[in-house]
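A.B. asks: coordinates only, no sequence provided:
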């Protein structure tokens, strides 16, 4: 029987493979499998197809090349590939060090392919040459390993030594900022950064960003409980089985009472006066403006039924249904309401629907001079005030009618955070 | 005397004898409670003694030096009996304290005043010295424990199927099935999440091998497929009741069926394999090297212990004191037994061959392996105790020795080292093949050693395939025990160390594939696979790139002074550095290697292999591979040891020496390279002495490998 040509084989392989890709693509979507599984299945089929096509290539004589011949052909290919990789990685957002890494691996690939096509090495002419080559092999391996370990980023052991030589922390005699600073050290020493970011610091999204979540809004007891027994309440968006067991449960044994006080003090500083708290796991995040649960809790605060804010009842003036009960009270139903002109820092041309989060926060926590709008932030925990604001917005922007969630604000930079204190945006002098 | 009186007298006499014996046994035979139940007593006693010395100072020394007082045995006995009472009285008045002082009992003499200065050999760091001694010991131990596992199977493959050999094969098949069953089972347990997967694998594979081998011995079940079916059915039927799960799940049954089938197929194939003398020769030659390396294992072990005593004496006393039965009874017994069996195995090779008692030799090999693996598991106990001591830590003094051995990472480390040692052994066989190829001048010798290199690579790669899964299991247990250790390894000061590990694994898989490629050039008709294999190389480079890609290019969790905090992947690209990407890359590496191996196997089956005509590049790639594997093994050992941070026993026994910090990557890389060089220099000499030197003798040598003469 005559063997089929490559084209004949390809005409069979390609349609079958593409058919399988279509089946997997639509089948996995129909079965409700995740897009990652869908892509992987299709990727595997395409890889198998490539293998099948390459195996179908008719047998040809394999031509080995000298080192120079290899370079002549492969160097131009490598240069083009390196340029493509460099720019592709750059356009995807990879920092320069990763661009260098990818090009370096392309160079490794070039070395492989030179080796694969290289003409057969001449046999050793004697034991002397064998010994030289043998030592050369060991030297090459050693050179690679020593160079790699020497050139990769290093740390200075002195910093670890300094930490290890520090005496155990005692709070006695420490003042507020020093306690917060000590808390930060505890945070680092217990490797909390491994899973949690604090605003711009850190590089893991395994757990919530404690800065943008504004863990500092919560009570000390709540924060302590979350550290000691993290399984009690899972942060919204971190309900998957992996996240549920991610937070270790041994910190109660590892952290002394003094250290816990300091740690909680540090965590209490994690607040943002310019933005609503952010929940969820990157990249599926949302702000409290769009959090149904928070809005529900905010309604309780707004209507004066929250025990933690006993004495606060927004509905008295603003109306339980959003219809102002008092002259001059802000009508939350009207999205085109301007900011009050009774405050020196008022924003005249900004309508209620476009108010920045910071303005909401400022007006509620500091009140409006000469009106019954008291500085509630001096009296009640700010956690509940944010919630009440999230609810207040629903009068002109009902949750069920929103086409899209409000965008998650960018993570505040170091400079922005430092400016909050300079601008005295917080009421707390320690913040 | 009336008879009744006599009887009564006789009866009371026996009663008295019985009572005396009872009292004697109570006094002398009752086990001393301190050794097992309270290992801290060793430390506690010594520290109390020192405390007394400090408190009581000169006054008590006078008493201790008073010979007359000290030699008064009677007084001493009285004092011992009333020890508690006197010490209580001592608090009441000075006079009483002077009279009843017993400090002379705990006074060790002038030695107590001698301050031992910290010692450093030729200015070398003490830690580095210990590090080198420990790693040299582990490297030799890995060789002598790893190689016998496949040596015994090779011996089987090379032995003519006499009745005795066939009997021994039943045993060796079960041994092999246990190893394979455990590896497949634990992989299923971890990757698929099958509860007690390791037990399903172990029992199904082992019993399938036993049943099929037994039937094969009687020339039943000759067909491989039928053997697989019988193995799968009976292996599963036995495994299910033996595996203690509340509800038998389908996944567990499937795992048992797979293991049973594997056990059945392997047993049938080995039992009826055509004996190939090359295997016999290879096994024998490796055994000679093992014999020599055994001495080096003991020597380096002794060196390690002595260095520990000089440098970390308080810690080593504590550690050994926690495992009195292990270190005083079990370990020496196992060590002595293994030594005996090892030398019997090495030196009985030719005599038993000549007497046609190959079967007995194979049994000896299996026993050697069982002892070796037991030894490995036994010493993994203290090693994992240092890493993950059983919690609660304040109750360590109240738990038994077994609980201190069977820590949460004990079995994972056993699995990891079992597989790691096998890989190690495989690549060392590759090195032996490569060396001997280079040292051989005759064509037939070159052909043979070319084949040895091929076998070494196959064993090394084959066993390395499940190795990443075993490493994953170990680290997962560490994370579950205390995530801080896991974070220190994966995200903090050891993160760059792990990056180097990824690079090494990628290098090894790549080098193995390059070796296969080069080897295939000497196989007729194999070039048809080359385009597909080249595609595989592209996948390998991509996979290695992904495996290497870090989340950040600074060496700690948070940037320290002098580091660039911008060297972090943006959030939307962070997935490249997560485990899911790494696992995919690892899967691709393993799969491509497996596919290339399949091509290689098909090529060897369908085309003529020109052994002895390999491109010399292949020989050097094998040496490079062996060096890389052993370097990686030392590197992983370094990572494991450093992951305890500034603790000898994690959160139990702190390292308070000046070298309690993690050394830099560069320093560690250089030091590990020097250790591996030392190992290779010794190994080169050993291979030459064990295999090459006997061949250079001008006298007509006794045949190195005497084949069995006739069937029993």
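C.D. replies: Cool, got the structure. The structure presented is a predicted model; accordingly, all values stated were derived computationally and were not measured.
A.B. asks: buried residues, the one helix or strand residue B:290 maps to. List them.
C.D. replies: Taking DSSP states H and E as the criterion, residue B:290 maps to helix B:277-311. By 16 or more other Cβ atoms under 10 Å in any protein chain shown, the buried positions in helix B:277-311 come out as B:278-294, B:296-298, B:300-301, B:303-304, B:307-308, B:310-311. Where C-beta positions appear, they are placed from N, C-alpha and C, glycine not excepted.
A.B. asks: helix or strand right after it?
C.D. replies: Following helix B:277-311 in sequence order, the next helix or strand is helix B:313-322 (DSSP H and E).
A.B. asks: near chain A, anything from stretch B:418-438?
C.D. replies: Yes. For stretch B:418-438 and chain A, the contact criterion (Cβ under 8 Å from any Cβ of the partner chain) is met by residue B:438.
A.B. asks: shaky segments in the stretch 151-300 of chain A?
C.D. replies: Along the stretch 151-300 of chain A, segments meeting pLDDT under 70 span A:172-175.
A.B. asks: at which residues are the strands of chain A located?
C.D. replies: Ranges of strands in chain A, per DSSP state E, are A:278-281, A:284-287.
A.B. asks: so which elements touch the first one?
C.D. replies: Which is strand A:278-281. strand A:284-287 (3 or more Cβ pairs under 8 Å, 6 or more residues apart in numbering or on different chains; DSSP states H and E).
A.B. asks: is the residue of chain B found nearest chain A in a helix, a strand, or coil?
C.D. replies: Closest to chain A within chain B is residue B:669: 2.5 Å, counting by Cβ to the nearest Cβ. The three-state label given to residue B:669 by DSSP: H, G, I helix; E, B strand; the rest coil is helix.
A.B. asks: coming back round to it: pick the most buried one from the strands of chain A.
C.D. replies: For these, the largest average neighbour count (mean count of other Cβ atoms under 10 Å in any protein chain shown) is found in strand A:278-281, namely a mean of 20.
A.B. asks: so what's the residue count around residue 237?
C.D. replies: Just going to use chain A. By other Cβ atoms under 10 Å in any protein chain shown, the residues close to residue A:237 number 17.
A.B. asks: actually chain B
C.D. replies: Residue B:237: 13 surrounding residues under other Cβ under 10 Å.
A.B. asks: how close does it sit to residue B:179?
C.D. replies: Separation of residue B:237 from residue B:179 (Cβ to Cβ, to the nearest Å) stands at 22 Å.
A.B. asks: one step back: and the strands of chain A as CSV, adding distance to residue B:680?
C.D. replies: Shown next, in CSV, are the strands of chain A (distance: least, Cβ to Cβ, whole Å):
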stretch, distance to residue B:680
strand A:278-281, 48
strand A:284-287, 52
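A.B. asks: leaving out sequence neighbours, find the closest residue to the residue of chain A found nearest chain B.
C.D. replies: Residue nearest to chain B within chain A (Cβ to the nearest Cβ): residue A:149, separated by 2.5 Å. Among residues not flanking residue A:149 along the chain, residue B:669 sits closest, at 2.5 Å (Cβ to Cβ, 6 or more residues apart in numbering or on different chains).
A.B. asks: distance of that neighbour from residue A:153?
C.D. replies: Counting by Cβ to Cβ - residue B:669 and residue A:153 are separated by 13 Å.
A.B. asks: go on, residue B:534?
C.D. replies: Counting by Cβ to Cβ, the gap from residue B:534 to residue A:153 is 34 Å.
A.B. asks: pLDDT weak spots in the stretch 201-350 of chain B?
C.D. replies: In the stretch 201-350 of chain B (pLDDT under 70), no residue qualifies.
A.B. asks: all helices for the stretch 451-600 of chain B, in order.
C.D. replies: B:467-481, B:483-490, B:495-520, B:530-548, B:579-606 (DSSP state H, counting those that start in this stretch).
A.B. asks: let me have the ones you listed in a markdown table, extended by distance to chain A and mean neighbour count.
C.D. replies: What follows is the helices of the stretch 451-600 of chain B, written out as a markdown table (distance: least, Cβ to the nearest Cβ, whole Å; neighbours: other Cβ atoms under 10 Å in any protein chain shown):
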| stretch | distance to chain A | mean neighbour count |
| --- | --- | --- |
| helix B:467-481 | 9 | 20 |
| helix B:483-490 | 4 | 22 |
| helix B:495-520 | 5 | 23 |
| helix B:530-548 | 4 | 20 |
| helix B:579-606 | 7 | 18 |
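A.B. asks: any chance of these in TSV, plus distance to residue B:174?
C.D. replies: Output for the helices of the stretch 451-600 of chain B, formatted as TSV (distance: least, Cβ to Cβ, whole Å):
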stretch	distance to residue B:174
helix B:467-481	22
helix B:483-490	37
helix B:495-520	30
helix B:530-548	36
helix B:579-606	26
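A.B. asks: need the ones you listed in TSV with mean pLDDT and distance to residue B:172, can you?
C.D. replies: Below are the helices of the stretch 451-600 of chain B laid out as TSV (pLDDT from 0 to 100; distance: least, Cβ to Cβ, whole Å):
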stretch	mean pLDDT	distance to residue B:172
helix B:467-481	88	23
helix B:483-490	89	38
helix B:495-520	92	27
helix B:530-548	94	34
helix B:579-606	89	23
